[in-house]
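Trainee: Make a model of this:
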Amino acid sequence: MAIYCRNCGKAMADDARFCPGCGAQTWAPGPYPASVTRLVRPRAGRMIAGVCQGLANAYAWDVVWVRVITVLLTVFGGGAGLLAYVIFWIVMPEEPIVLPPPASPYQPPSQG
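Mentor: Numbers count the residues shown, from 1 in each chain. So this is what the prediction gives:
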C-alpha cells in the first residue's frame, strides 16, 4: 500500500517517518516500532549541546516545541528547565562519530 504525504502529496516508502519532498512528519496508524531509539545528543541540528534535538528525535516531537517548553520552564518554572537541561546534558551520551570507510592504498597503474 502506497503512503502519500498530507502536505505535498508525494509518494513515500511504507516505513518513512518524514516526507522526502517537504520534510513533513508522517503519522502512520498502528503501534510504534518495537525498536526504541536511545536518547543521544546528535551532532547535527543542535543549538547548544543537542539535548532538545535529542529528545525531539527520540520521541518524534518537533524540536521547536521542545526548545520553547525548555525556555518557558527556565523563565517561569524557577529555573527547572535549565536544571533539567544540564542534567540531560550530563546524562545523555553524544552521538558517536561516523567515519567513512578507509580508502584502499594508492596503487600506481602498471606499465605494460
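Trainee: Skip the chain neighbours and tell me the closest residue to residue 70.
Mentor: residue 81 (4.6 Å; Cβ to Cβ, 6 or more residues apart in numbering). (Glycine included, C-beta is placed from N, CA and C.)
Trainee: How many neighbouring residues does that neighbour have?
Mentor: For residue 81, the number of neighbouring residues by other Cβ atoms under 10 Å comes to 18.
Trainee: element containing it?
Mentor: Per DSSP states H and E: residue 81 is located in helix 80-91.
Trainee: who touches the residue nearest to residue 70 in this structure?
Mentor: In this structure, residue 81 makes contact with 69-75, judged by Cβ atoms under 8 Å, 6 or more residues apart in numbering.
Trainee: if you set the cut-off to 6 Å instead, what comes out?
Mentor: In this structure, residue 81 makes contact with 70, 73-74, judged by Cβ atoms under 6 Å, 6 or more residues apart in numbering.
Trainee: Which of those fall in strands?
Mentor: The members of those all map outside strands under DSSP state E.
Trainee: Tell me the most packed of those residues, by neighbour count.
Mentor: residue 70 (20 neighbours).
Trainee: Quick check: residue 13 vs residue 6, distance?
Mentor: Between residue 13 and residue 6 the computed distance is 15 Å (Cβ to Cβ, to the nearest Å).
Trainee: what's the answer for residue 83, then?
Mentor: Residue 83 sits 38 Å away from residue 6, going by Cβ to Cβ.
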